[in-house]
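>>> give me coordinates for this.
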Amino acid sequence: MTSIYLSSDNPRWVPRTEDDLQAAIDGGLFEENHHLDLKKAPGTKSDNKELARDLASFAIDGGTLVIGVQENKDSRTFELSPQPLNGLPEKIESVARTIPDPPLTVITEEITSKAADGTGYLIVHIPASPVAPHMVDNKYYGRGDKTKYQLGDAEVVTLHARRRSAEADTLTLLRTEMDNDPLRNVDDQSHLFLVARPTAARRDVCLPITGAPDWQTRLTGLVAKAQGAEAVPAMLAGFRPDIEDAYQPHRRARGVALSSSGLNPDRTYAREQSEWARVAVIELQLFEDGGLRLYVSRLSAGVPSRYRPEEGEEQQLFDGAAVLLTWRVLELMRLVSEEVGYHGNWAIGAGANRLHGRRRYAGQSGFPTDDRYSDDTYEETTGATLAELRDQPGAVTRRLLGPLLRSLGSEALFAGALGDRP
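Numbers count the residues shown, from 1 in each chain. Predicted coordinates for the structure are as follows:
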């Protein structure tokens with residue numbers, strides 16, 4: 001279960017049973033604060049709006065709602081008030097996704113009552129949102145010491161500026177990776193770059209992986225789990241190279257890497273390889289600070305014209321590969337988070353180069369679209385919560401790749417991979 005911040009003395013409290021909740025009441029541990037609120041279950045439309053305001057207010061810095069513990073106004077103490085659990089998690093998630101703007105993703109955990117009558121308690125975790133602040137009825141909400149309040153214009157401007165600053169930092173990271181393209185002067189293919197970094201982690205958050213004597217086994221295990229994830233839409237399967245093709249271990253500055261045979265240990269191009277190894281380079285890097293990088297040299301390939309072979313090959317784009325590998329990286333981010341116990345947000349960037357004048361590969365039909373990309377590079381950044389990585393990787397993928405796919409006229413083709421999990 002996800003821990004709850006009660007106070008500086010109890011920053012990582014994890015309730016598992018009704019007795020844990022009662023013990024917290026008896027010990028005077030419950031106090032509504034900047035990160036915690038105690039509520040009864042919503043019952044009316046008005047309650048739903050109020051709940052949405054609470055969720056939006058917590059989304060700036062993160063927080064928790066405990067449903068089923070309420071305050072006795074007369075004694076100014078808290079008491080257990082178990083609520084019917086049937087349908088309650090779904091209702092809370094529906095409110096989070098339909099009323100705040102932009103929608104919110106929350107994590108819910110049930111604690112059943114000892115009465116075994118279908119009642120209990122719902123812990124609602126609201127991660128700090130990378131797209132905060134959020135509106136309800138055209139008003140932005142924040143959280144004070146104990147209660148929510150409507151944000152003033154200056155606070156809204158400051159929060160938007162903070163978000164733009166984070167996006168700029170991620171864009172700088174992405175451009176640095178693109179500038180360091182190891183095959184920059186080697187081939188004519190388009191290359192894909194994916195970068196990710198935890199936004200609130202210790203600088204050595206991934207040292208238990210990267211610094212371990214068996215780091216290769218650990219990282220390869222995470223790659224295998226991401227490769228085998230059932231949630232990846234079947235329509236995306238089949239592209240090579242995939243992340244499992246990164247198998248050669250390398251040490252990197254402040255981190256480690258797995259790559260295909262097309263890269264040397266010093267991250268230079270390995271020319272003395274088979275033709276396939278030279279054109280299908282893939283590299284996954286993991287750094288001590290939690291940073292993840294994926295590099296793929298085969299975002300396009302030369303395709304001869306079926307009807308005009310005399311014109312030679314045309315480089316066509318594998319837009320489906322970009323979608324597939326973005327899903328892979330998002331799953332790796334989730335797995336790394338769980339492995340090292342990081343529950344915060346991530347910043348993510350996607351980029352591609354050598355795109356100008358190129359169109360998407362149409363498969364065996366031989367009839368590629370006439371929609372050609374008009375710029376030479378593509379860059380996009382976004383943020384994601386751990387809840388989104390778990391439940392909405394398609395929505396995150398849409399934020400990262402939507403502009404590219406729309407420019408190529410293919411977004412609708414990947415609709416099943418660009419929405420929420422069922």
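>>> pull the helix or strand with minimum mean pLDDT from this structure.
Ranked by mean pLDDT, DSSP states H and E, the weakest helix or strand in the chain is helix 275-279, scoring a mean of 78.
>>> got a list of contacts for it?
186-187, 189, 260-262, 269-271, 297-298, 301 (CB atoms under 8 Å, 6 or more residues apart in numbering). In short, each C-beta sits where N, CA and C put it, glycine included.
>>> check stretch 235-251 too.
So stretch 235-251 is contacted by 215-216, 220, 223-224, 226-227, 256-261, 263, 265, 267, 280-284, 294, 296, 298, 318, 320-321, 323-325, 327-328, 332, 414, 416-417 (CB under 8 Å, 6+ apart).
>>> quick one: buried residues of it?
236, 241-246, 248, 250 (16 or more other CB atoms under 10 Å).
>>> could you dump those residues to a markdown table with distance to S374?
A markdown table is the format used below for these (distance: CB to CB, whole Å):
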| residue | distance to S374 |
| --- | --- |
| L236 | 26 |
| P241 | 28 |
| D242 | 29 |
| I243 | 30 |
| E244 | 34 |
| D245 | 31 |
| A246 | 32 |
| Q248 | 37 |
| H250 | 37 |
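>>> and those residues, which of them are in strands?
248, 250 (DSSP state E).
>>> how about the secondary structure of the nearest residue to T326 once chain neighbours are set aside?
Nearest residue to T326, sequence neighbours excluded (CB to CB, 6 or more residues apart in numbering): T397, at 4.8 Å. Classification of T397 by DSSP: H, G, I helix; E, B strand; the rest coil places it in helix.
>>> read off the pLDDT value for T397.
On the pLDDT scale, T397 is placed at 96.
>>> of the contacts of stretch 235-251, just the buried ones, ChimeraX syntax please.
Under the burial definition 16+ other CB under 10 Å, those of the contacts of stretch 235-251 that qualify are selected in ChimeraX by:
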select :215,220,223,226,256,257,258,259,260,261,263,267,280,281,282,283,284,294,296,298,318,320,321,323,324,325,327,328,332,414,417
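>>> so which of the contacts of stretch 235-251 are in strands?
256-259, 282-284, 294, 296.
>>> farthest-separated two in those residues?
Greatest spacing in the ones in strands among the contacts of stretch 235-251, by CB to CB: V256 and V296 (18.3 Å).
>>> burial of the closest residue in space to P208 that isn't next to it in sequence, as a residue count?
Spatial nearest neighbour of P208, excluding adjacent residues (CB to CB, 6+ apart): V340 at 6.0 Å. Here the number of neighbours of V340 (other CB atoms under 10 Å) works out to 17.
>>> tell me the spacing between V340 and L386.
In this view, V340 and L386 are 12 Å apart by CB to CB, to the nearest Å.
>>> could you do Q189 as well?
Taking CB to CB as the measure, Q189 falls 34 Å from L386.
>>> show me what the helix or strand encompassing E155 is packed up against.
Element membership of E155 [criterion: DSSP states H and E] is helix 153-179. Secondary-structure packing of helix 153-179 (3 or more CB pairs under 8 Å, 6 or more residues apart in numbering; DSSP states H and E): strand 139-143, strand 191-198, strand 346-353, strand 378-384.
>>> ok and the third one relative to strand 378-384, angle-wise?
By that I understand strand 346-353. Orientation note: strand 346-353 sits at an angle of 170 degrees relative to strand 378-384 (axes from the mean of the first three to the mean of the last three CA atoms, to 10 degrees).
>>> strand 346-353 to helix 153-179, inter-axis angle?
Going by the same axes, to 10 degrees, strand 346-353 makes 50 degrees with helix 153-179.
>>> need the helices for the stretch 201-350 of the chain, in chain order.
207-210, 215-227, 275-279, 319-340 (DSSP state H, counting those that start in this stretch).
>>> where among those is the average confidence lowest?
With a mean of 78, helix 275-279 has the lowest mean pLDDT of the helices of the stretch 201-350 of the chain.
>>> output it as CSV, nothing but the C-alphas.
Only the C-alpha atoms of helix 275-279 are listed here, as CSV (Å, rounded to 0.1, in the frame of the first residue of the first chain):
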residue,chain,number,x,y,z
GLU,A,275,24.3,-4.9,-41.7
TRP,A,276,21.3,-5.4,-39.4
ALA,A,277,23.3,-4.6,-36.3
ARG,A,278,24.5,-1.4,-38.0
VAL,A,279,21.0,-0.1,-39.0
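>>> list the contacts of L418.
323, 394-395, 397-398, 401-402, 405, 411.
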